[in-house]
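K.L.:
the sequence isn't on hand, but the structure is:
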């Protein structure tokens, strides 16, 4: 009896989610469905890379230099081995390297956006709710940082961090330094949007009511204001994810990101770019296509999310 | 009507004259000169730029033959076998108009023998330089030195008056990060004058209209624009699109593409340069490894294991696309003392290497950092990367740190690297040069590029004896004995001898020099 009620409730709840405006608009936006599917597949492929990839490109002991420059689906002239998407200049299987590289790209992207989001939301809430000096300091710092391109800020942070890490840990630290660099260069837009939304919300009646019954400022910020400013944050986070993935690729392409022995998609594109004139197109094309697909899908998803969460467009 | 025709003719004549007199050579290579101070760095690209502006007493022409430059003739003194007499060219003027005299030669050689100079090793045998008249110089050596002249081909002459007036008497301390007047300004006697320079971006030179060699050399290039382009693809693209006329290092993967392009040619020749790895075996403990309290590289078995683990043929086939000659010693075949037996590259034998590692007590391997330049040698970073994989097979985990040569070289000269890549060209064509810089114990006179910490008193004594040994047979026997030590102690890990590939517009007429040092006064332009 109780069991039946529970089932019914769960079914009802699922049905109500399925029929909610949000999911309804998702189901009726083919672009959103397609890009979400692509993103999901890529995330799964990256997460399960060690199970899917036929080789471990990050273990240099497994590489055979003689396999270098093998074209896709063709046997190598020296070793006779054949690779699905060919090999790069060091004899690494391009397909495996893309999977592992995507892992780095996605991990760095997600982590950097999380860092920027937490930092930006907290600072934005503080600035918007407290006002005064707190606001002035936080927002002027943000303004100053906005005058520099994010990639320059990231390169600066990366350079400083690389200078102070001991050389023997540099390779292991590279990923974390990348996250820090991209995250710190990206918090500003979160802070600005949250501050703006907070300024609007803090004069609304429900906030005044909460203040009247004596709730602490921190509780008001977190429990009352934050849930109401999260929609734009979610949209920015999604678009930031695409930008962070591209920022990571840019840094690695410039040679200041992921180490060449543990290539991310950007490092692979940098390597492949040297062989464009000589006809070894696959080293560049496949990683570049992967990066493009990933960034585009995340971006399209973000676009749809923005429209779906915007009450004026509904 | 008649006047108009003649006017037209005059105008036409003027245009052709102007066209013939202004030939700009746009020149690119991977890296820039490290300094304009001619004695601060004994390094290929640095000397190459300096050769356009400054001149030594003797140069090597584009085929490597001696040619009189600021000296017209030179010979041992008939009175004293320890003295060389150089007669200097008369009427030569520096770019600022000052006269070139014997005093400048005395000043320049003493400067190149001073504290911060990187040219000291070439001049160890020189005791005294004295002016015997305005245009005669006597160089006194400690014992007869038959090969002194070959040590002077990159030794540039500076104006003593200019150096004193501008506080440029002391050589720039590059490792200490110093900048001096002479490191950013020039005043040479050479065929080209410095117009402007932005390090790593662009250097512009214009022809010295008062050059003494006018009429003797083609001097077809009137302006040189030198732009270092580190990225290989960008460099090739610049040549393919006609943005530059001459690149000194066509990437091996793009040789065919460049050669098959209309209006472009590739000229190839073996280079007088060997690429190798150095290992810090002198330190008690390495900084960037995971072995505490011991230095794995101090064990010759580990060094041999590394040598055996490297597959030079694979590097040649894949990384260099056939454009290299695997090496077994760190002397190029051009050099006196080179032998085919020593240079027969050591065989790759991973199993034997693993056994040696186990014997040395490192069967579980260790980790180490490899420092590598990324804008100096052909595919330097790719060779280092391939080495990472090969050493992984004998349990050595290599952290690769590749960076521009301006940051890489000071690590070697300041003892700050455990394991590094270096390339060595031999402008004197003699083994003594290699020993003085790379094998002799590091000290104030010799061993400035010996980053291995290797120190062997017997070997040092033999090296010092070379400068004054006049019996060539005995000298060659000593050279061989020193090489035996270098080979047995596995002082270095040789990789290969480089092959030069110069790419240029077919309007540029020049042959590849084995030193990789294009001297633009020899260039013709069609």
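P.N.:
Structure's in. What do you need? Please read these numbers as outputs of a predicted model, since none were measured by experiment.
K.L.:
how about the residues of the stretch 201-314 of chain A near chain B?
P.N.:
Selection of the stretch 201-314 of chain A residues close to chain B by Cβ under 8 Å from any Cβ of the partner chain yields A:255, A:259, A:260, A:261, A:273, A:274, A:275, A:276, A:277, A:278, A:280. All C-beta atoms are positioned from the backbone trio N, CA, C, and that covers glycine.
K.L.:
and the second one, which of the three is it?
P.N.:
Per DSSP: H, G, I helix; E, B strand; the rest coil, the local secondary structure of residue A:259 is coil.
K.L.:
grab the nearest non-local neighbour of it.
P.N.:
Excluding its sequence neighbours, the residue lying closest to residue A:259 (Cβ to Cβ, 6 or more residues apart in numbering or on different chains) is residue A:171, at 4.9 Å.
K.L.:
model confidence score at residue B:3, please.
P.N.:
Looking at residue B:3, its pLDDT stands at 48.
K.L.:
about what we covered before: what is the burial count for the residue nearest to residue A:259?
P.N.:
Residue A:171 has 20 neighbouring residues, counting by other Cβ atoms under 10 Å in any protein chain shown.
K.L.:
quick one: list the elements packing against the helix or strand hosting it.
P.N.:
For residue A:171, the element it lies in under DSSP states H and E is helix A:170-184. Counting contacts by 3 or more Cβ pairs under 8 Å, 6 or more residues apart in numbering or on different chains; DSSP states H and E, helix A:170-184 is packed against helix A:94-130, helix A:150-164, helix A:226-253, strand B:396-403.
K.L.:
and of the ones you listed, who's closest to residue A:204?
P.N.:
Among those, the nearest to residue A:204 by Cβ to Cβ is helix A:226-253 (8.5 Å).
K.L.:
looks like residue B:134 contacts residue B:100 (just checking).
P.N.:
No: using Cβ atoms under 8 Å as the test, residue B:134 is too far from residue B:100 to be in contact (9.9 Å).
K.L.:
between the two, who's got more neighbours?
P.N.:
Shown here are residue B:134 and residue B:100; by other Cβ under 10 Å, residue B:100 has more neighbours (23 against 12).
K.L.:
quick check: the more buried one touching residue B:88?
P.N.:
Yes: in this structure, residue B:100 is within contact of residue B:88 by Cβ under 8 Å, at 7.1 Å.
K.L.:
between these two, which contacts overlap?
P.N.:
Residues touching both residue B:100 and residue B:88 (Cβ atoms under 8 Å, 6 or more residues apart in numbering or on different chains) are residue B:70.
K.L.:
any idea how far the helix holding residue A:171 is from the chain center?
P.N.:
Relative to its parent chain, helix A:170-184 has a centroid offset of 14 Å by Cα atoms, centre = their mean, to the nearest Å.
K.L.:
how many neighbours does the closest residue in space to residue A:29 that isn't next to it in sequence have?
P.N.:
Distance criterion Cβ to Cβ, 6+ apart; nearest residue to residue A:29, sequence neighbours excluded, is residue A:304 at 5.4 Å. As a burial measure, residue A:304 scores 20 neighbours (other Cβ under 10 Å).
K.L.:
I figured residue A:304 hits residue A:31, correct?
P.N.:
Yes: when contacts are counted by Cβ under 8 Å, residue A:304 is listed as touching residue A:31 (6.6 Å).
K.L.:
ok, now which ones touch residue A:113?
P.N.:
Counted by Cβ under 8 Å, 6+ apart, residue A:113 has contacts A:183, A:186, A:237, A:240, A:241, A:244.
K.L.:
for the residues you listed, pick the one with the most neighbours.
P.N.:
residue A:244 (32 neighbours).
K.L.:
hmm, that one is touching residue A:187, no?
P.N.:
No: using Cβ under 8 Å, residue A:244 is not in contact with residue A:187, being 11.6 Å away.
K.L.:
what do those two both touch?
P.N.:
residue A:116.
K.L.:
hmm, back to that, and the residue nearest to residue A:259, what's its pLDDT?
P.N.:
70.
K.L.:
isn't it right up against residue A:258?
P.N.:
No: contact between residue A:171 and residue A:258 fails when scored by Cβ under 8 Å: they sit 9.3 Å apart.
K.L.:
so which bits of the stretch 351-500 of chain B are right by chain A?
P.N.:
B:367, B:369, B:374, B:381-382, B:385-386, B:388-390, B:392-393, B:398-402.
K.L.:
number of residues surrounding residue B:315?
P.N.:
22.
K.L.:
what separation do you get for it and chain A?
P.N.:
7 Å (Cβ to the nearest Cβ, to the nearest Å).
K.L.:
so who does that residue touch?
P.N.:
Taking Cβ under 8 Å, 6+ apart, one finds A:65, B:324, B:326, B:383, B:386, B:495, B:496 in contact with residue B:315.
K.L.:
helix/strand/coil for the residue lying closest to residue A:94 once chain neighbours are set aside?
P.N.:
Distance criterion Cβ to Cβ, 6+ apart; nearest residue to residue A:94, sequence neighbours excluded, is residue A:85 at 4.1 Å. Using three-state DSSP, the secondary structure recorded for residue A:85 is coil.
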